[in-house]
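Peer 1: Here's a sequence, model it:
(3 chains)
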Amino acid sequence: MTEQTATDLVARRAIEAMVLASTEPVEARLLAQLVELPVTRVEELCDELAREYEDTERGFVLAHVAGGYRFQTHPDLAPYVERFVLDGQHARMSPAALETLAIVAYKQPISRGQMSAIRGVNVEATLTTLLQRGYVHEVGRDPGPGAAVLYGTTREFLERLGLPSLDALPPLGDFVPDASVVEALERGLRVSDDPTPVDESADDGSDAPDSSHSSPSSD
Amino acid sequence: MTEQTATDLVARRAIEAMVLASTEPVEARLLAQLVELPVTRVEELCDELAREYEDTERGFVLAHVAGGYRFQTHPDLAPYVERFVLDGQHARMSPAALETLAIVAYKQPISRGQMSAIRGVNVEATLTTLLQRGYVHEVGRDPGPGAAVLYGTTREFLERLGLPSLDALPPLGDFVPDASVVEALERGLRVSDDPTPVDESADDGSDAPDSSHSSPSSD
Amino acid sequence: MSYAVRTPVFEGPFDLLLHLILKQEVELWEVSLHEIVDVYLSELERMDQLDLDVATEFLLIAATLVELKARRLLPGLDEVELDEELLRFEERDLLLARLLECKTFKDAAQALAAHIRRADRSVPRTVGPEEPYRWMVPDPLERVKPDALRAAALRAMAAPPVVVVDTDHVAPVRASVREAVESVLRLLPASEPMSFRALVSGAPHRLEVIVRFLAVLELYKQGVVDLLQFTNFGELTVRRLHDGETALDAASLADWDDPAIPVDADDDRDDRDDREAIDLGIDDDLPEVPEVVLEPAPQGQPA
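Peer 2: As a prediction, the model looks like this:
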């Protein structure tokens, strides 16, 4: 194998990997930058890949859509993909997302910093998911210094849950939140958005169960 | 093309498409149901696909993880993918968390008290971390008195480790310390009435200041 | 033998003990229990901030170690009852088994870490189906019941673990050196010597034997009794030096039984935090044993 083709092979594989892992179409320019090849060469490689998939009758295609390259299912397989998607066995809410959502539901309006303080981990990723899904939205700004964004649940959230209003949420009862939770809520607005490492253990904070890579548009 | 291989081809392509469209590992059972083939046949097809990707040096692999199949990037391409997928970083786990996780993995279902007994320290904090990260969850209650909560590992745990199932964990027997370690430990705790003289002589010398023969005015 | 064990923060008593014992592996022939006990205790002393729960387990192990060590000082081990003998081995073996188990899981944890490192080199595809299908995906929240949300809220806001020292596994066997001193003085005839064996003949529990031995040493230290022993591990004889009661040094006695009171105020160990003085000092001739609470049968035996 010549040096040229060895480079090409690595570039080709890297392109496949990056496009596969990406949650958005990837621009040729970005791919070119990362594999350190000219954009035109990257475009050629992508074309080759696409042809190869077609020739070997793969169930997926490398599509060039607005904004870049992405993998998608082959149109031939639409009936299968539809049934698969409708079956919906794979749509599930991660425990982390559910907890964050629960905190917002019961403690709104609430800042991201407060959520992180209560959960003891950075809620960044889960919150993004919840925002994208439309369960949660911005409801205002904290009047205090820092003017942190405050979040609350949406109408869609109530609809999905089949509740007429927030008052219909099952009451937490005589549950007394932990002192640290109370403190986090009171401190409230002074809490900067940067997540305090509440969790003593060696967690570096990222929101584990949810941090399943790349951007969290988990639908 | 015979009818048989035609069916196989469609099934193979459909599997590729469905796995590509999934956000989670897809169970062979679900795939089998949708392509209308026996589960074992689907597993064979998946194995074939995985081999094919490997043989043709694709940048992705078809991995068998947490009871299902999923596409993931080839480990060779980690340097590229890491630069590309910035928010995919996992939180690192502390040694304490790992040890507790290992205990749960091998001894599940297991109560908190039992974990603490094995580690010799209270596992409360580490267990909370593991629960929050979703690697461990409640799986039941001890039928005995006290009805202690029993814990086990989750699907996220398998995903995090990249294992198809708990059976794929290396057997615990692999980690039982070898004879030399056992001997060292045994020797370390040997009481004097053990038959080996080696120990005795070591004692006699160094134990002297401790023995009752020392001068009475030592205080 | 010197140990530069300044290094890591030990996660627990097994951690420390494994470290101490396995560290000596290279010098296998010199391994001896008493050194391990000493280093263990001095390690313990250096830990100036012990969590209560950690401390408990550390102390339990320390107590077991001290007990093992103390056994060597007891005379006539070969003549103790078979039951006792078995019990002794049982206890030692139990500690050994627990150490082995702990080591096993430490190594298993390494293997898990290796799996995780390997898995981390791959990123799974999570984007899901493309547009025509995306809208068909059932909303995950539709499967969530309001009660599940409530449960999640409670879980998230639940108090962080309340530290409760689990004492279930601590047998309520208590022995005080102060009381043992009284017993010894009561038992010991004014004029004639008495063998240690006889002194402990009425002690129902091994722990009491040990504590009574410590009491004898204390009395020896204070010049109340004299000790005679003609051969190593031979019969130990205790003889009262003076008739009548000698004024006992109460502070010294308290030293044994009352670890909460820092009795070493005049000590030159200046870096100690007196507030938390859990004094297991081995600066003196013998390990001082605080109100000894031994654990004959710890829970969590290896399966």
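
Peer 1: Tell me the confidence at A:V136?
Peer 2: On the pLDDT scale, A:V136 is placed at 94.

Peer 1: who's it bridged to?
Peer 2: Beta bridges link A:V136 to A:T153, judged by DSSP bridges.

Peer 1: wouldn't it be in contact with A:K107 here?
Peer 2: No: contact criterion CB atoms under 8 Å: A:V136 and A:K107 do not qualify, at 11.9 Å. Yep, even glycine has a C-beta here, placed from its N, CA and C like the rest.

Peer 1: neighbour count winner among these two?
Peer 2: Remark: of A:V136 and A:K107, A:V136 carries more neighbours, 26 against 20, as counted by other CB atoms under 10 Å in any protein chain shown.

Peer 1: who's in contact with the more buried one?
Peer 2: A:L101, A:V104, A:L127, A:L130, A:Y151, A:G152, A:T153, A:T154, A:F157 (CB atoms under 8 Å, 6 or more residues apart in numbering or on different chains).

Peer 1: where along chain A do the helices fall?
Peer 2: A:3-21, A:28-35, A:39-55, A:78-87, A:95-107, A:112-119, A:124-133, A:155-161, A:179-187 (DSSP state H).

Peer 1: who's in contact with the fourth one?
Peer 2: When contacts are taken as CB under 8 Å, 6+ apart, the neighbours of helix A:78-87 outside the stretch itself are A:73, B:14, B:17-18, B:21-22, B:26, B:30, B:34-35, C:129, C:132-133, C:136-138.

Peer 1: picking up where we left off before, so for A:G146, which of the helices of chain A sits nearest?
Peer 2: Proximity to A:G146, assessed across the helices of chain A by CB to CB, is greatest for helix A:112-119 (8.8 Å).

Peer 1: TSV for the helices of chain A, including mean pLDDT?
Peer 2: Formatted as TSV, those follow (pLDDT from 0 to 100):
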stretch	mean pLDDT
helix A:3-21	89
helix A:28-35	94
helix A:39-55	95
helix A:78-87	90
helix A:95-107	88
helix A:112-119	86
helix A:124-133	83
helix A:155-161	87
helix A:179-187	64
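
Peer 1: between these, which gets nearest to B:V176?
Peer 2: B:V176 lies closest, by CB to CB, to one member of the helices of chain A: helix A:95-107, at 33.6 Å.

Peer 1: ok so, going back, out of the contacts of helix A:78-87, the closest to C:K145 would be?
Peer 2: Using CB to CB, C:P138 is the member of those that lies nearest C:K145, at 15.1 Å.

Peer 1: Looks to me like the closest one is in a strand.
Peer 2: No: assigned with DSSP: H, G, I helix; E, B strand; the rest coil, C:P138 falls outside any strand and is coil.

Peer 1: The helix or strand where C:A151 lies and chain A in contact?
Peer 2: Element membership of C:A151 [criterion: DSSP states H and E] is helix C:146-157. Yes: residues of helix C:146-157 contacting chain A under CB under 8 Å from any CB of the partner chain: C:P146, C:D147, C:A148, C:L149, C:R150, C:A152, C:A153, C:L154, C:R155, C:A156, C:M157.

Peer 1: The second one reaches A:L172, doesn't it?
Peer 2: Okay, so that is C:D147. No: contact between C:D147 and A:L172 fails when scored by CB under 8 Å: they sit 11.5 Å apart.

Peer 1: residues from the stretch 1-150 of chain C in reach of chain A?
Peer 2: C:123-130, C:132-134, C:136-144, C:146-150.

Peer 1: Now list the buried members of those residues.
Peer 2: Among these, those buried by neighbour count (16 or more other CB atoms under 10 Å in any protein chain shown) are C:123-130, C:133, C:137-141, C:144, C:149-150.

Peer 1: How about the contacts made by the nearest residue to C:E130 once chain neighbours are set aside?
Peer 2: In this structure, C:E130 finds its nearest non-sequential neighbour in A:Q72, 4.3 Å apart by CB to CB, 6 or more residues apart in numbering or on different chains. Counting by CB under 8 Å, 6+ apart, A:Q72 makes contact with A:F60, A:V61, A:A63, B:L20, C:E130.

Peer 1: Let's see that with 10 Å instead.
Peer 2: Neighbour list for A:Q72: A:25, A:60-63, A:65, A:81, B:17, B:20-21, C:127, C:129-133 [criterion: CB atoms under 10 Å, 6 or more residues apart in numbering or on different chains].

Peer 1: What values do phi and psi take at C:V123?
Peer 2: Backbone geometry at C:V123, expressed as degrees, to the nearest 10, gives phi -110, psi 130.

Peer 1: Near the nearest residue to it once chain neighbours are set aside, how many residues? Count them for me, please.
Peer 2: Of all residues not flanking C:V123 in the chain, A:A21 sits nearest, at 4.2 Å (CB to CB, 6+ apart). By the criterion of other CB under 10 Å, A:A21 has 29 neighbours.

Peer 1: Just confirm A:A21 contacts B:V61, I think it does.
Peer 2: No: here A:A21 does not reach B:V61: they are 12.0 Å apart, not a contact under CB atoms under 10 Å.

Peer 1: which residues are common contacts for the two?
Peer 2: When CB under 10 Å, 6+ apart defines a contact, the residues bordering A:A21 and B:V61 alike are B:F71, B:Q72, B:T73, C:S122.

Peer 1: returning to what we had before: can the contacts of A:V136 go into CSV with extra columns for neighbour count?
Peer 2: Shown next, in CSV, are the contacts of A:V136 (neighbours: other CB atoms under 10 Å in any protein chain shown):
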residue, neighbour count
A:L101, 28
A:V104, 28
A:L127, 22
A:L130, 25
A:Y151, 25
A:G152, 17
A:T153, 21
A:T154, 18
A:F157, 22
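
Peer 1: Compute the number of surrounding residues for A:E36.
Peer 2: 9.

Peer 1: check contacts around it.
Peer 2: Applying CB under 10 Å, 6+ apart, the residues contacting A:E36 are A:T7, A:A11, A:A14.

Peer 1: which of those lies closest to chain B?
Peer 2: A:A14 (4.1 Å; CB to the nearest CB).

Peer 1: Which residues are in contact with each of C:D147 and A:L172?
Peer 2: Counting by CB under 10 Å, 6+ apart, nothing touches both C:D147 and A:L172.

Peer 1: I figured C:V66 hits C:Y40, correct?
Peer 2: Yes: C:V66 lies in contact with C:Y40 (CB under 10 Å); the separation is 9.2 Å.

Peer 1: still on that earlier bit, okay, and the common contacts of A:V136 and A:K107?
Peer 2: Residues touching both A:V136 and A:K107 by CB under 10 Å, 6+ apart: A:M115, A:Y151, A:G152.

Peer 1: how about the residues you listed in CSV, adding distance to C:R92?
Peer 2: Below are these laid out as CSV (distance: CB to CB, whole Å):
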residue, distance to C:R92
A:M115, 51
A:Y151, 59
A:G152, 62
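
Peer 1: near chain C too, which of those residues?
Peer 2: Near chain C, judged by CB under 10 Å from any CB of the partner chain, the entries from these are A:M115.

Peer 1: hang on, the earlier thing: could you give the bridge partners of the residue nearest to C:E130?
Peer 2: Beta-bridge partners, per DSSP bridges, of A:Q72: A:V61.

Peer 1: now A:I103: how far from A:I110?
Peer 2: 7 Å (CB to CB, to the nearest Å).

Peer 1: for A:T56, same thing?
Peer 2: Taking CB to CB, one finds A:T56 at 51 Å from A:I110.

Peer 1: cool, C:L154 as well?
Peer 2: 16 Å.

Peer 1: Please say which of the two ends up with more neighbours.
Peer 2: A:I110 (24 against 16).

Peer 1: Surely that one is in contact with A:V139?
Peer 2: Yes: counting by CB under 10 Å, A:I110 touches A:V139, with 9.3 Å between them.
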